[in-house]
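Asker: turn this into a structure:
(2 chains)
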Amino acid sequence: MCSSLRSRLPLNPRTHVKRRQFAILQLVFLVSVARGGSLLPAGESGDTGTIEGTVTYRADSARPWRYSRHYIRRPGSGELSEAVVAIRRLRSEKDTTPREPQTVNIDQKDFQFVPELVAIRAGDSVHFTNSDDSIHNVRASTRIATFNVTVPPRGSHTERFPKAGGIRDPVHIGCVFHSSMRAWIFVFDHPHFAVTDVMGRFRLTGLPPGQYELEMAHPAGELRRMSKVEVPAGQSITVDISVSPDDKR
Amino acid sequence: MFASLPNRRDLLTSGLAAGLALLARPEFVFPGQSDDEVLVPFENVPRSSPESLDWETLTEWLTPQDQVFSVQHYDIPEIDVSSFALEISGLVEHRKSLSLEDLRALPREDQFMTLECSGNGAAPGFSGAVYNSRWTGTRLAPLLKACGVKPGAVEVVFFGHDRKTETLRPGTPRELSVEVPFGRSLSLADATGLNPLLAYERNGEPLARRNGAPLRLIVPGWYGIANVKWLRRIEVRDRRYMGRYMGRDYVTVRGEKQGDEIMYVESSVTRMNLKSVIARVMRRSATDGRITLRAYGAVWNDGTPIDRVEVQLDGGEWQPATLDVEPLEPHSWRFFSIELSGVEPGRHTLVSRGIDKQGRIQPSAQDDEIARKKTYWEACQQWPREISLES
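Answerer: The predicted structure is shown next:
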């Protein structure tokens, strides 16, 4: 039976525990709004726990973020969309549950990568398409992926990502022809990650009980945050993450 | 108008102070904006990103470096400044090889100029490829004169350090692949008459690598493609240069009416066309169910004096906007503003058009000049902005 607990290492004043009572519709909604992030874990059981919460951004007029309006629908409350939230085990254990590799799409449309951020599992692929009449390119030069491919109008390119970089080492995608085009691909070796929706919400389910590092990254805002959490068996904890320009990395 | 924008004198004499004052502003509250004004987002414009002009937060007449676009067709070369040399050769009496120090020792001049990519505006998400700068360097014409241009010269070709293998007639028996430097040319008359600059600074700082460091050509009033980056060699020639970006790409194909016939004509992308853009729309609280809007924007062209800018709401009468008096430089953009009162809540479309002193009017996308243009470049059509107003 679930009991009311507090995280031993509170992340902020709103950290608290709720009963695990999520309507299926809520779950479907959260899964559907996340871009590429797998919220449904493999092998979820009654012993596993859940972390859910909201990422918010506190603006500082002395350190303005010019593009915040694209990621924050309500500046007053600051719910931050397109942030990646993921756990990192304190004891490293790779997830070896068999699964079919997935392919997600990133389009080059209106001289932008759409979506600008995806989160995938190692072994998954990204299918890049070009809906513009102009020539584009997809280029990455990172530790886990290096490629440089021209994509003609209406053309496409598929790239597989066999290595995981986790939240700390995303693949930064650019177009050699157009310097302002950018995207990020986060590749994980486990299923416990999510991308915040337009209300800043995330949910990580199917977590084996234990201690974790809970990490958040928002590459467009250059924001990073990490805290330790403990997930009790069969329980859901709420961890709200509040970031500010102090978290620029 | 952008009421508290620094004027030219401020920029030149107190640039740092003005810059710091702008930096200290709250989260993108615009200069001159009253406290009850809020931004009305455009509904038909994708999000902006760094290294591209962010129209909705445009405040600075001189564009900050983090909003400067770059387009490159080959690589971005890394150039050792200590061994850099600009070669001037071809049909000249005296060839020259000039280091950066040699160039800096020549008469130093400023050139204010709004530089736009000729494809800017070809798609809603590609609208930030324009920026305004104070370029500093030395003029080309005196250098050419000192070299002594020989009779028979017709063109001056500018080659960059960036190189790539180009394939001609691909897939045919006559396919040919050759490694070439990036190049563009000017007629000898333009190379001397347009007063181009060999620029080594932008806004008082050395050029950024992706913007052509250490030396680039600045051709006042011409689209970005003509402003050759990473300049390596200037060659005076006796016949037309037909490199890819002079003779095959950056060629506009447009249907022109000749009697009853539409004849398609190919022309080189050269001078910037007249263009105005509404940068942002601010609103105040509704009074008696009606809303007052203030639209801000910019207008620029090839240096032909601007006569006026007009703004249209929902297809109604064109209304005159107020053009800023300062800063005023012939090749730099001018900011404008207009107040529109009594606007009802709901969806609306605003659009601006520039008109120059020669009577040229910025065309709409439906006008023949744009509708019969079959290529991507010279996208100078009006940019309608869609907004939605809540009561």
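
Asker: find the nearest non-adjacent residue to whatever residue of chain A ends up closest to chain B, please.
Answerer: Chain B sits closest to A:D110 of chain A, with a gap of 2.7 Å, by CB to the nearest CB. All C-beta spots, glycine's among them, are computed from the backbone N, C-alpha and C. Among residues not flanking A:D110 along the chain, B:G125 sits closest, at 2.7 Å (CB to CB, 6 or more residues apart in numbering or on different chains).

Asker: farthest residue from the center of chain B?
Answerer: Most distant residue from the mean C-alpha position of chain B: B:D288, 42.4 Å away (CA atoms, centre = their mean).

Asker: circling back: tell me how many other residues surround the residue nearest to A:D110.
Answerer: The number of residues packed near B:G125 is 22, by other CB atoms under 10 Å in any protein chain shown.

Asker: that one and B:G119, how far apart?
Answerer: B:G125 is 12 Å from B:G119, where distance means CB to CB, to the nearest Å.

Asker: and what of A:V171?
Answerer: Taken as CB to CB, the span from A:V171 to B:G119 is 27 Å.

Asker: for A:Y71, same thing?
Answerer: Counting by CB to CB, the gap from A:Y71 to B:G119 is 27 Å.

Asker: who does the helix or strand harbouring B:R233 pair up with?
Answerer: Here B:R233, judged by DSSP states H and E, is contained in strand B:231-237. Sheet pairing here is set by DSSP bridges, and for strand B:231-237 it gives strand B:86-90 (parallel), strand B:155-168 (antiparallel).

Asker: please list all residues in contact with the residue nearest to A:D110.
Answerer: Each residue near B:G125 by CB atoms under 8 Å, 6 or more residues apart in numbering or on different chains is listed here: A:109-112, B:45-46.

Asker: let's go with 6 Å and repeat that
Answerer: A:110-112, B:46 (CB atoms under 6 Å, 6 or more residues apart in numbering or on different chains).

Asker: cool, B:E386 as well?
Answerer: Taking CB under 6 Å, 6+ apart as the test, what B:E386 contacts is B:43-44, B:349.

Asker: for those, which one is nearest B:G221?
Answerer: Using CB to CB, B:N44 is the member of these that sits closest to B:G221, with 29.5 Å.

Asker: in terms of helices and strands, where is the residue lying closest to the closest one once chain neighbours are set aside?
Answerer: Using CB to CB, 6+ apart and skipping the chain neighbours, the partner closest in space to B:N44 is B:E386 (4.3 Å). Using DSSP H and E, B:E386 maps to strand B:385-389.

Asker: any idea of the mean pLDDT in that strand?
Answerer: Averaged across strand B:385-389, pLDDT comes to 96.

Asker: so what's the predicted local confidence for residue 209?
Answerer: Defaulting to chain A. pLDDT at A:P209 comes out at 92.

Asker: wrong one, I was asking about chain B
Answerer: At B:R209, pLDDT is 95.

Asker: neighbours of it, just the number please.
Answerer: For B:R209, using other CB under 10 Å, the count is 15.

Asker: how about B:E78?
Answerer: 9.

Asker: same check on B:I361?
Answerer: Using other CB under 10 Å as the criterion, B:I361 is surrounded by 16 other residues.

Asker: leaving out the residues flanking it, which one is nearest to it?
Answerer: B:I355 (5.2 Å).

Asker: same question, B:F112
Answerer: B:E329 (3.7 Å).

Asker: I'd guessed that neighbour sits against B:M113; true?
Answerer: No - contact criterion CB atoms under 6 Å: B:E329 and B:M113 do not qualify, at 7.9 Å.

Asker: between those two, point out the one with more neighbours.
Answerer: Neighbours were counted for B:E329 and for B:M113 using other CB under 10 Å; B:M113 has more, 27 against 19.

Asker: show me the beta-bridge partners of the residue nearest the centre of chain A.
Answerer: Central residue of chain A (CA atoms, centre = their mean): A:V84, 2.3 Å from the mean position. Taking DSSP bridges as the rule, A:V84 bridges to A:V195, A:A217.

Asker: hmm, it is touching A:E215, no?
Answerer: No - the criterion here is CB under 6 Å, and A:V84 misses it with A:E215 at 8.2 Å.

Asker: which residues are in contact with both of the two?
Answerer: Joint contacts of A:V84 and A:E215 (CB under 6 Å, 6+ apart) are A:I167.

Asker: just to revisit the earlier point, give me the subset of the contacts of B:G125 lying in strands.
Answerer: Counting by DSSP state E, the contacts of B:G125 place A:Q112 in strands.

Asker: ok, the contacts of B:G125 vs A:H127, which is closest?
Answerer: Comparing these against A:H127 with CB to CB places A:Q112 closest, at 16.6 Å.

Asker: was I right about the closest one contacting B:P46?
Answerer: Yes - with contact defined as CB under 6 Å, A:Q112 reaches B:P46; the gap is 5.4 Å.

Asker: geometric centre of chain B: which residue is closest?
Answerer: B:E116 (1.8 Å).

Asker: the residue nearest to that one when sequence neighbours are not counted: neighbour count?
Answerer: Excluding the flanking residues, the one nearest B:E116 by CB to CB, 6+ apart is B:V130, at 4.0 Å. Neighbours of B:V130 under the rule other CB under 10 Å: 25.

Asker: below-threshold pLDDT in chain B: ranges please.
Answerer: Applying pLDDT under 70 to chain B flags the ranges B:1-35.

Asker: save the contacts of B:G125 as JSON lines, and put in neighbour count and distance to A:P153 too.
Answerer: Formatted as JSON lines, the contacts of B:G125 follow (neighbours: other CB atoms under 10 Å in any protein chain shown; distance: CB to CB, whole Å):
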{"residue": "A:D110", "neighbour count": "17", "distance to A:P153": "13"}
{"residue": "A:F111", "neighbour count": "26", "distance to A:P153": "12"}
{"residue": "A:Q112", "neighbour count": "25", "distance to A:P153": "15"}
{"residue": "B:P46", "neighbour count": "17", "distance to A:P153": "18"}
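
Asker: out of the contacts of B:G125, give me the two with the largest separation.
Answerer: Maximum pairwise distance among those (CB to CB): 8.2 Å, between A:F111 and B:P46.

Asker: residues in contact with the residue nearest to B:W135 when sequence neighbours are not counted?
Answerer: Residue nearest to B:W135 in three dimensions, not counting chain neighbours: B:A199, with 4.1 Å by CB to CB, 6+ apart. B:A199 makes contact with B:135, B:137, B:216, B:218 under the criterion CB under 6 Å, 6+ apart.

Asker: list phi and psi for B:A199.
Answerer: When read as degrees, to the nearest 10, the backbone of B:A199 gives phi -100, psi 130.

Asker: isn't A:T56 up against A:S244?
Answerer: No - here A:T56 does not reach A:S244: they are 9.4 Å apart, not a contact under CB under 6 Å.
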